[in-house]
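Peer 1: No letters, just coordinates:
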């Protein structure tokens, strides 16, 4: 058995592309080998700033010989059919084919094709150039006079099979058995015979950590060590950790010092400057939990002075960046947020939906409408909505778009003296308040609420992001997302398939999460209809149909959210079916209550047995409905019941009692209580099917029993659509 090592060595590969390229190359090579009939034991991959590597073990020296039967046309077929068969099978004459007989189809030709196996080296020499030429990168380039496209110029292709070079060329670059190590510590080149030799030389003299896992582990342990020695805590950033893992072949963690004077900037500005521009990690003081005047940089070189010069050089660069940030911050603070908000009318939101200023006006009106429903002060909700997008015209958000909302919060607090710089500690201190003479206590509280709503109205921006919790923040966040969704539905720009350029699915899921996690029991349709009526009247628009479509979109997002949280899809569908048919539309929190109560009920013996009885009743009714629609006025005749079997009488009595008993818990939205009442039908339903024949010869009796089963179905459907439940 043979081992194959392939390395594609080039100039720096962008960090964000490495992991996928590594997986894609491994899959492409594995598919090419198996497609050629070459089974193997294992395939492992590696990637780094300048290389993609694949190691395949347990390959045969050649693929197996293959015998294949190829069926041809019937004997006596036209000459064209015979000629096509001969050409496809590679036969010189029809005499080289066998004649087979089929009792039904008669005699036909069969070609016996023997294909000799191919040498593995030949397969690899053919496959690798094809893979390289067709390899997909998000962005690629050409260089020199060649036509090959790759992410960066190729420098070497190492390809050895059991120690021997697999010879081929790609755009004039010949394969070989040499690779390069670290540019400074061990460039090489190194001649290798296989994976063991390759990894030993590169990770030794070459100073290259080959795998992403190895580099990530070195970085994480290095950060933990320097933080432990300095009494610091790393501000964990998994995304940045992945990025720096792809930037350094020989990662060395260095702790640097930052000028303390910059700690009077908002902490998010500092951490984002570090992360975005310099790829530094922020740290906090382990004792105070506040941002510390230090940073962590991952270098790609080991320094004889322990990294002091590296740290000093990076500190100078960071100071320059933070000086720019301070300039933006001071300039932004000089402009009141109201004045910034006035400039939003000059910024386009969407051509058919007006400017950002137009959107803010709509959001402010809707936030005021929503305020009472979510327990917020309408005046504060409207005020927060009018300011929520103001920081989009600030210099700081222009430099750091990720800080939209965050900067608006800081700017409003600074405007009212509620941003208190504290050199050597966190720049933002909630507990510190200015003297009463500057701002009254009530006004201070309102400013804090509005400032938090400005920051939080974008939330949640992803599945791991928290939802707003304060009523004013909730009102503004819901208003902002609903306005976007209603607006795009009004201009008929909905998500299609996998395309959602305006993140409308995320907005709808955000609305759902805000309502569920804050237990807000409102009729969403009411606010959608009102917003359409006030803000988006269109002569060409079928408003009812558009609202129905948008409501269905929200219900789909609700179903996704509940399933992602572990809810059974059939129970979600069963609860939603009842809610969507309710007057006023679905209340999402009520759907959750139904799902939870239904799941608990069906886990009991009574629930499981009653479901089985329901299915039996539903099947009987379905069979009857296939024969013709049941009469609309079908109702139970109590007199006929009295003359029937005791089981029929018992079910009628139990059903009458249960229908009355569930009214109160349903009105109180106590679905668990309603399920408890439904459980009382379990035994009577069982006994009915054991002792009563529904299809009685007497047409009147038969119709009466069908009516009784219809009532059973309707009673259960007051809680959930049991027809959608599996089992």
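Peer 2: Thanks, I have it. Predicted, not measured: the structure shown is a model, and the values here were computed from it.

Peer 1: buried sites along the host helix or strand of residue 379?
Peer 2: Under the criterion of DSSP states H and E, residue 379 resides in helix 378-387. Under the neighbour-count criterion of 16 or more other Cβ atoms under 10 Å, helix 378-387 has 380-387 buried. Where C-beta positions appear, they are placed from N, C-alpha and C, glycine not excepted.

Peer 1: so for the longest helix seen in the chain, what's the average pLDDT?
Peer 2: In the chain, assigned by DSSP state H, the helix with the most residues is helix 308-333. Across helix 308-333, the average pLDDT comes to 94.

Peer 1: in the helix or strand following the helix holding residue 379, what's buried?
Peer 2: Following helix 378-387 in sequence order, the next helix or strand is helix 395-399 (DSSP H and E). Residues of helix 395-399 classed as buried: 395-397, 399 (neighbour count, 16+ other Cβ under 10 Å).

Peer 1: Checking the residue positioned nearest the centre of the chain next. Helix, strand or coil?
Peer 2: Most central in the chain under Cα atoms, centre = their mean is residue 463, positioned 7.2 Å from the mean C-alpha point. At residue 463, secondary structure determined by DSSP: H, G, I helix; E, B strand; the rest coil is coil.

Peer 1: Could you tell me how far it is located from residue 561?
Peer 2: In this view, residue 463 and residue 561 are 9 Å apart by Cβ to Cβ, to the nearest Å.

Peer 1: again with residue 3
Peer 2: Applying Cβ to Cβ to residue 3 and residue 561 gives a distance of 48 Å.

Peer 1: and if you look at residue 64?
Peer 2: The spacing between residue 64 and residue 561, counted by Cβ to Cβ, is 52 Å.

Peer 1: do residue 119 as well
Peer 2: Residue 119 is 55 Å from residue 561, by Cβ to Cβ.

Peer 1: same question, residue 354
Peer 2: 31 Å.

Peer 1: cool, and residue 503?
Peer 2: 16 Å.

Peer 1: Next SSE downstream of the longest helix of the chain?
Peer 2: helix 337-342.

Peer 1: residues in contact with that next one?
Peer 2: The contact list for helix 337-342 (Cβ atoms under 8 Å, 6 or more residues apart in numbering) reads 357, 360, 386-387, 389-391, 393-394, 408, 411-412, 415.

Peer 1: Of the residues you listed, which is the most crowded?
Peer 2: Most neighbours among those, by other Cβ atoms under 10 Å: residue 408, with 30 neighbours.

Peer 1: show me the contacts for it.
Peer 2: Counting by Cβ under 8 Å, 6+ apart, residue 408 touches 337, 387-391, 394, 451, 454-455.

Peer 1: and residue 691, what is it in contact with?
Peer 2: For residue 691, the contact set (Cβ under 8 Å, 6+ apart) comprises 645-648.

Peer 1: Return the member of the residues you listed nearest to residue 33.
Peer 2: The shortest approach to residue 33 among the contacts of residue 691 belongs to residue 647, at 68.6 Å (Cβ to Cβ).

Peer 1: And the helices in the stretch 601-727 of the chain?
Peer 2: 605-627, 638-642, 646-661, 663-667, 671-678, 682-691, 699-716 (DSSP state H, counting those that start in this stretch).

Peer 1: Ok, which of these comes nearest residue 491?
Peer 2: Proximity to residue 491 (Cβ to Cβ) singles out helix 671-678 among the helices of the stretch 601-727 of the chain, at 38.8 Å.

Peer 1: And the closest one, how far out from the chain middle?
Peer 2: For helix 671-678, the separation from the chain centroid amounts to 36 Å (computed by Cα atoms, centre = their mean, to the nearest Å).

Peer 1: what does that helix rub up against?
Peer 2: 593-594, 596-598, 600-601, 607, 610, 658, 661-662, 664-666, 715-716, 718-719.

Peer 1: Show me how to select, in PyMOL, the buried members of these.
Peer 2: Buried members of the contacts of helix 671-678, defined by 16+ other Cβ under 10 Å, are picked up in PyMOL with:
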select buried, resi 593+594+596+597+598+601+607+610+658+661+662+665+715+716+719
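
Peer 1: Could you check which of residue 503 and residue 561 has the larger neighbour count?
Peer 2: Each of residue 503 and residue 561 has its neighbours counted (other Cβ under 10 Å); residue 561 has more, 20 against 14.

Peer 1: Please name the residues that touch that one.
Peer 2: Residue 561 neighbours (Cβ under 8 Å, 6+ apart): 509, 512-513, 516.

Peer 1: Kindly recompute the last result at 6 Å.
Peer 2: residue 512 (Cβ atoms under 6 Å, 6 or more residues apart in numbering).

Peer 1: likewise residue 292?
Peer 2: 232, 283-285.

Peer 1: Can you tell me which of these is nearest residue 55?
Peer 2: Comparing these against residue 55 with Cβ to Cβ places residue 283 closest, at 37.6 Å.

Peer 1: isn't that closest one right next to residue 291, touching?
Peer 2: No. Counting by Cβ atoms under 6 Å, residue 291 is not a contact partner of residue 283; they are 7.8 Å apart.

Peer 1: in which helix or strand would I find the closest residue in space to residue 562 that isn't next to it in sequence?
Peer 2: Leaving aside its chain neighbours, residue 562 sits nearest to residue 572 (4.8 Å; criterion: Cβ to Cβ, 6 or more residues apart in numbering). In the assignment (DSSP H and E), residue 572 maps to helix 569-580.

Peer 1: That helix to helix 671-678, inter-axis angle?
Peer 2: Helix 569-580 runs at 100 degrees relative to helix 671-678, counting by axes from the mean of the first three to the mean of the last three Cα atoms, to 10 degrees.

Peer 1: Which elements pack onto helix 569-580?
Peer 2: When contacts are defined as 3 or more Cβ pairs under 6 Å, 6 or more residues apart in numbering; DSSP states H and E, helix 569-580 packs onto helix 543-564, helix 588-602.

Peer 1: Out of these, which is closest to residue 296?
Peer 2: Smallest distance to residue 296 across the helices and strands packed on helix 569-580 (Cβ to Cβ): 34.5 Å, for helix 543-564.

Peer 1: How about that closest one, which residues are buried there?
Peer 2: By neighbour count on 16+ other Cβ under 10 Å, the buried set for helix 543-564 is 546-547, 550-551, 553-555, 557-559, 561-562.

Peer 1: Same check on stretch 661-677?
Peer 2: Residues of stretch 661-677 classed as buried: 661-662, 665, 671, 673-677 (neighbour count, 16+ other Cβ under 10 Å).

Peer 1: Equivalent analysis for stretch 262-278, please.
Peer 2: For stretch 262-278, the neighbour count (16+ other Cβ under 10 Å) marks 262-275, 277 as buried.

Peer 1: So which of those residues sit within helices?
Peer 2: Among the buried residues of stretch 262-278, the members falling in helices (DSSP H) are 267-272.

Peer 1: surely residue 215 meets residue 245?
Peer 2: Yes. Using Cβ under 6 Å, residue 215 is in contact with residue 245, at 4.9 Å.

Peer 1: Neighbour count: those two, which is higher?
Peer 2: For residue 215 and residue 245, the more surrounded residue by other Cβ under 10 Å is residue 245, and the numbers stand at 27 against 24.
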